[in-house]
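next come a sequence and a model predicted from it.
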Amino acid sequence: MTPEPHALLRQLFDAAVASALPERSIQRFLPDPPKGRTIVIGCGKAAAAMARAVETHWHERLEGLVVTRYGHHVATQQIEVVEAAHPVPDAAGQDAAKRMLAMVQDLSEDDMVLFLVSGGGSALMTLPAPGITLEDKRQINSQLLRSGANITEMNCVRKHISAIKGGRLAAAAEPAKVVTLAISDIPGDDPAVIASGPTVPDPTTFDDALAILEKYKIREPAGVIAHLRAAKEETPKPGDPRLAGNVLQMVATPQMSLEAAAAIARGFGVTPLILGDAIEGESREVALVHAGITRQVLHHRQPVPPPCVLLSGGETTVTVRGSGRGGRNAEFLLALGIALNGADRVWAFSGDTDGIDGTENNAGAMVGPDSLARARALGMDAKSMLADNDGYSFFSGLGDLIITGPTMTNVNDFRAILITAG
């Protein structure tokens with residue numbers, strides 16, 4: 001028996017998250033122990049859970065430090081866990097990064113650095129390059145987050161104002177072997193973009209970073225601009241001998257999570273159609289495309305007939321112009337609801353697999369055929385609220401927010417549009 005729409009959508013999201021949990025995914029990717037020491041370093045929203053999973057399955061001595069977001073701490077025995085701010089960095093993240101960089105220096109070729117990385121690591125493991133202050137980095141992060149820049153662009157800038165990102169951590173660990181285990185929150189799973197790639201070569205340049213700031217008309221703080229223009233020390237590039245022999249493994253990706261959700265849908269007789277695991281763009285524009293595909297299913301039974309569910313992942317952006325509350329998933333759903341205008345037989349969910357949509361307390365929300373009508377009855381104007389970037393307030397007013405708390409993983413956004421049979 002197929003669950004009612006809201007329950008089915010929630011089951012799909014839960015399956016997507018569960019497939020990416022470190023406790024399920026990390027064991028088969030662990031390397032053999034080295035002759036010497038094993039130093040565990042990590043950053044990201046899943047860092048603490050990854051550290052605990054390593055401890056569970058590692059039977060040799062460990063030591064190390066990971067940094068995760070406030071509220072994402074889990075108990076560990078050998079690996080220290082520090083919490084810091086995300087998405088705008090703070091002193092706790094800076095102190096942790098400084099300690100990590102010191103821990104990987106003066107190692108031998110018999111030692112190994114096991115680097116655990118997941119989404120959010122760029123802000124959490126922050127160590128400004130010489131001449132740049134933490135406040136400079138805070139300002140740049142805040143401006144980029146509001147600009148509409150995508151994650152690849154943001155992390156290009158972050159790498160070039162950092163003393164630890166863009167391969168610099170791995171370079172500092174030479175001659176020790178570096179093994180990176182990654183949970184990807186990046187469209188396309190580019191390891192150089194996940195947490196700004198502290199252990200992998202960086203193909204981007206100072207000029208690329210400057211061009212991104214110019215594109216979004218970001219001209220302050222002056223110290224950052226001066227540092228990028230000086231271009232004194234580039235990040236390690238592909239082929240750099242200091243990074244030769246290092247290993248990277250993707251332990252969880254958005255595609256894996258979409259496939260897990262698709263399997264649940266099939267089990268209930270609902271045909272899944274994965275639209276893509278790397279969808280980017282403005283949330284409200286991506287919503288219009290999804291609405292167009294939904295209408296094609298409703299009116300022409302293409303590209304698949306109902307009952308079906310359209311699944312997609314990736315990371316959209318929001319250019320903030322209003323003063324409302326809401327992350328990119330709430331923005332997507334509100335724009336989708338407006339575009340579908342109460343279309344019958346359509347329900348949708350959009351949420352962040354880390355449990356936090358932007359900076360709010362919800363993972364995401366749901367929209368259905370009656371959402372706009374219920375909003376009007378409560379005196380809410382959906383179009384005005386979208387213009388004010390106030391998706392959170394809209395779905396909060398309807399009681400349709402989905403609140404999970406931190407999930408301890410992060411494979412980015414998960415979207416599901418369920419179209420039932422007529």
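All right, it came through fine.

buried stuff in the lengthiest strand in the chain?
Counting by DSSP state E, the longest strand found in the chain is strand 271-279. Within strand 271-279, the residues that count as buried by 16 or more other Cβ atoms under 10 Å are 272-273, 275, 277-279. All C-beta spots, glycine's among them, are computed from the backbone N, C-alpha and C.

swap in stretch 43-58?
43-55, 58.

same question for stretch 238-253.
In stretch 238-253, counting by 16+ other Cβ under 10 Å, buried: 240, 242-243, 246, 248, 250-253.

and those as CSV, adding pLDDT and secondary structure?
Putting these into CSV (pLDDT from 0 to 100; DSSP: H, G, I helix; E, B strand; the rest coil) gives the following:
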residue, pLDDT, secondary structure
240, 93, coil
242, 94, helix
243, 94, helix
246, 94, coil
248, 96, strand
250, 95, strand
251, 95, strand
252, 95, strand
253, 95, coil
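
quick one: these as a markdown table, columns for distance to residue 32 too.
Formatted as a markdown table, the buried residues of stretch 238-253 follow (distance: Cβ to Cβ, whole Å):
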| residue | distance to residue 32 |
| --- | --- |
| 240 | 25 |
| 242 | 22 |
| 243 | 20 |
| 246 | 15 |
| 248 | 16 |
| 250 | 19 |
| 251 | 16 |
| 252 | 21 |
| 253 | 24 |
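
using CSV, write out the CA atom coordinates for the helix or strand hosting residue 418.
Taking DSSP states H and E as the criterion, residue 418 maps to strand 413-419. Listed next in CSV are the C-alpha coordinates belonging to strand 413-419 (Å, rounded to 0.1, in the frame of the first residue of the first chain):
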residue,chain,number,x,y,z
ASP,A,413,19.9,19.5,-1.4
PHE,A,414,17.3,16.8,-2.0
ARG,A,415,14.2,17.6,-4.1
ALA,A,416,11.2,15.3,-4.8
ILE,A,417,8.1,16.2,-6.7
LEU,A,418,5.4,13.5,-6.4
ILE,A,419,2.7,13.3,-9.1
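
which helices and strands sit right next to that strand?
Applying 3 or more Cβ pairs under 8 Å, 6 or more residues apart in numbering; DSSP states H and E, one finds that strand 413-419 contacts helix 5-19, helix 254-267, helix 283-300, strand 308-314, helix 328-340, strand 346-352.

one more time with 6 Å
Counting by 3 or more Cβ pairs under 6 Å, 6 or more residues apart in numbering; DSSP states H and E, the packing neighbours recorded for strand 413-419 are helix 5-19, strand 308-314, strand 346-352.

that one pairs with which strands?
Strand 413-419 pairs in its sheet with strand 308-314 (antiparallel), strand 346-352 (antiparallel), by DSSP bridges.

so which of those is nearest residue 68?
strand 346-352 (15.5 Å; Cβ to Cβ).

what packs against the helix or strand just after that closest one?
Next helix or strand after strand 346-352 toward the C-terminus (DSSP H and E): strand 364-367. Contact here means 3+ Cβ pairs under 6 Å, 6+ apart; on that basis strand 364-367 packs against helix 328-340, strand 346-352, strand 401-402.
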